[in-house]
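Student: need a 3D model of the following:
(one chain, ligands or ions: 1)
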Amino acid sequence: MADPGPNIIFIMSDDHASHAMSCYGSQINQTPNIDRIAKGGMRLDNCFCTNALCTPSRASILTGTYSHINGATTLSPARMNPDLAAFPQLLQDNGYQTAIFGKWHLGTEPDSCPKGFDDWTVLPGQGRYHNPEFICENENGLQRYTETGYVTDIVTDMSLDWLKDRNPDAPFCLLCHHKAPHRPWYPDEKHAGMFLNEDVPEPETLYDDYSNRASAAEAARMRVGPHMSYRDLKSEVPEELPEKQLRAWAYQRYIKDYLRVIASVDDNVGRLLDYLEEEGLDENTMVIYTSDQGFFLGDHGWFDKRFMYEEALRMPFIVKYPKEIEPGSVNDDIALNVDFPSLFLDLAGVSEPESFQGRSIRPLLRGETPDDWRDSMYYRYWMHGDGCHNAYAHYGIRTKRYKLIYYYADGLNQPGTGDEIHEPEWELFDLHQDPCELHNVYNDPQYASIIKDLKEELHRLQAELRDERYYKDRD
Ligand code: CA
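Tutor: Residues are numbered from 1 along each chain as shown. Coordinates of the predicted model:
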């Protein structure tokens, strides 16, 4: 009988930026348990999402497809095509025990609730931090009920209970998907006292003035400060403060809660790792920790994600699997969220459906980058000026050194929500010279030939990935 493949534990949190993890060199917090995965395995330094928003990234991870293929281009009403092949079903069909607990965020109507899982219990929508409601399915159909306690603990309890009850003779794939640290960042009692008498260091670009980046300047509702809610800040906004002081004040208010909420995630990752070690499962289990996209931790003066800038684009991705991965290793090849399901099927020895657009990163994890591995990636954010954050739709390409972004300003998704004041805009960043992306050099003549090459590659990717609407460039 063929080797059944390793077990998989896929831990994904929501909006956890890599620069709030000590294994990625965080200057603002410690994540000792999450770091255990990186120390025992590999850290990916250039893992990117293809659309930095919760629902779209989750749809890409399930189906191995970009947003324009799977349909989940924005939050709602855009929906993931339920007929696309998704990895949980393929693993289940091939002898894996499968389960998901926690955040789902792809809908909980009969046609959009989790499929291909032996067991599932998920939060409706974003879910709540305290005493959360859950949805599961039994012989009477979909059931809603409330659990008492803190969401990160409860989701971990469900995961551990399922592991204890599983059939030990068949491999498993467990998705432990935390709601945390998505806003509004309500910490549990255990961590509420962290950072009380200290200031968290400010990021270098907290007071970005957005000069020569008009689209970034328009996203005023992503700025730390006046547009954050009482729930975000647990306080009224002192509007009498000048903007700079207000930003500094609001940054401390939200970042401390964000980090407190992450401390609970870290503790709970430790509980899962402890269980695997105690049961002797750690050798034959691939454990992954990631987040659906990154997050601005005051970077560029923002909270939230959406933009193709580094802090939102980059996903943390650490993975431990002693049979194949050198402990403490680091990889900087370009990996994408659409690659994840290809990895899972590769591990299980299951062939990929034709619809998958990514590629298994298993060779990267073994330290063997294929010669023809990608050296550029395509990104597209669709949710044009949503009236809530005012981030404009854009697409772009990132290579190891450059990033070219085009804010295409056609307002197709939500006409009338800002398009009338917005002109198309190109941005080019030289990430070697300008890692903070403060200097748009698109109009600098010395980059003309680089821009020409990047546009060619951008259009090649749009054609290859079948995002055909734009590959005949309008510029
Ligand atoms: Ca998210």
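Student: what helices and strands are in contact with the worst-scoring helix or strand of the chain on mean pLDDT?
Tutor: Every helix and strand in the chain was compared by mean pLDDT, DSSP states H and E; the lowest is helix 214-218, with a mean of 91. Judged by 3 or more Cβ pairs under 8 Å, 6 or more residues apart in numbering; DSSP states H and E, the packing partners of helix 214-218 are strand 425-430. Glycine gets a C-beta too; all of them are placed from N, C-alpha and C.
Student: list the buried residues for the helix or strand just after the strand it packs on?
Tutor: Counting by DSSP states H and E, the element after strand 425-430 in chain order, helix or strand, is helix 448-464. Neighbour-count burial for helix 448-464 flags 450-451, 454-455, 457-458, 461-462 (criterion: 16 or more other Cβ atoms under 10 Å).
Student: OK, contacts around residue 265?
Tutor: For residue 265, the contacting residues are 13, 16, 34, 152, 178, 180-181, by Cβ atoms under 8 Å, 6 or more residues apart in numbering.
Student: re earlier: enumerate the positions of the least confident helix or strand of the chain that are buried.
Tutor: Neighbour-count burial for helix 214-218 flags 215-216, 218 (criterion: 16+ other Cβ under 10 Å).
Student: toward the C-terminus, what is the element adjacent to the helix or strand containing residue 161?
Tutor: Using DSSP H and E, residue 161 maps to helix 151-165. The C-terminal neighbour of helix 151-165 among helices and strands, as given by DSSP H and E, is strand 172-177.
Student: could you list every helix and strand in contact with that next one?
Tutor: Partner elements for strand 172-177 (3+ Cβ pairs under 8 Å, 6+ apart): strand 7-13, helix 87-93, strand 97-102, helix 151-165.
Student: just the pLDDT for the residue of the stretch 101-250 of the chain found nearest the ion.
Tutor: When scored by Cβ to the ion, the stretch 101-250 of the chain has residue 182 as its residue closest to the ion, at 5.9 Å. At residue 182, the model reports a pLDDT of 97.
Student: burial of the closest residue to it other than its chain neighbours, as a residue count?
Tutor: Nearest non-adjacent residue to residue 182, counting by Cβ to Cβ, 6 or more residues apart in numbering: residue 14, 4.2 Å away. Per other Cβ atoms under 10 Å, the neighbour tally for residue 14 reads 24.
Student: touching, residue 14 and residue 155? I think so.
Tutor: No: counting by Cβ atoms under 8 Å, residue 14 stays clear of residue 155, with 11.2 Å between them.
Student: what sits in contact with each of the two?
Tutor: Residues touching both residue 14 and residue 155 (Cβ under 8 Å, 6+ apart) are 177-179.
Student: residues near whatever residue of the stretch 301-450 of the chain ends up closest to the ion, how many?
Tutor: For the stretch 301-450 of the chain, the residue closest to the ion is residue 305, as judged by Cβ to the ion, at 6.6 Å. Close neighbours of residue 305, defined as other Cβ under 10 Å, add up to 27.
Student: work out for me the element the nearest residue to it once chain neighbours are set aside sits within.
Tutor: Distances taken as Cβ to Cβ, 6+ apart place residue 312 nearest to residue 305, at 3.9 Å, with adjacent residues excluded. For residue 312, the element it lies in under DSSP H and E is helix 310-313.
Student: which other residues reach that helix?
Tutor: 17, 19, 48-49, 52, 293-297, 299-300, 304-307, 379, 398, 431, 435, 437.
Student: and if we set it to 6 Å?
Tutor: In this structure, residues lying in contact with helix 310-313 by Cβ atoms under 6 Å, 6 or more residues apart in numbering are 17, 48, 52, 293-294, 296, 299, 305.
Student: ok, back up a step: C-terminal to the least confident helix or strand of the chain, what's the next element?
Tutor: Counting by DSSP H and E, the element after helix 214-218 in chain order, helix or strand, is helix 230-233.
Student: and that following helix, what's buried?
Tutor: 232-233.
Student: look up the closest residue to residue 384, ignoring the ones flanking it.
Tutor: Looking at residue 384 with Cβ to Cβ, 6+ apart, the closest residue is residue 393, at 3.8 Å.
Student: helix, strand, or coil at the residue of the stretch 101-250 of the chain closest to the ion?
Tutor: coil (DSSP: H, G, I helix; E, B strand; the rest coil).
Student: so it makes contact with residue 16?
Tutor: No: using Cβ atoms under 6 Å, residue 182 makes no contact with residue 16, being 9.1 Å away.
Student: what about these two, which has more around it?
Tutor: residue 16 (29 against 22).
Student: next, that one: phi, psi?
Tutor: Note on residue 16: its backbone torsions stand at phi -90, psi 110 [degrees, to the nearest 10].
Student: confirm for me that it is in contact with residue 290.
Tutor: No: with contact defined as Cβ under 6 Å, residue 16 does not count as touching residue 290 (8.4 Å).
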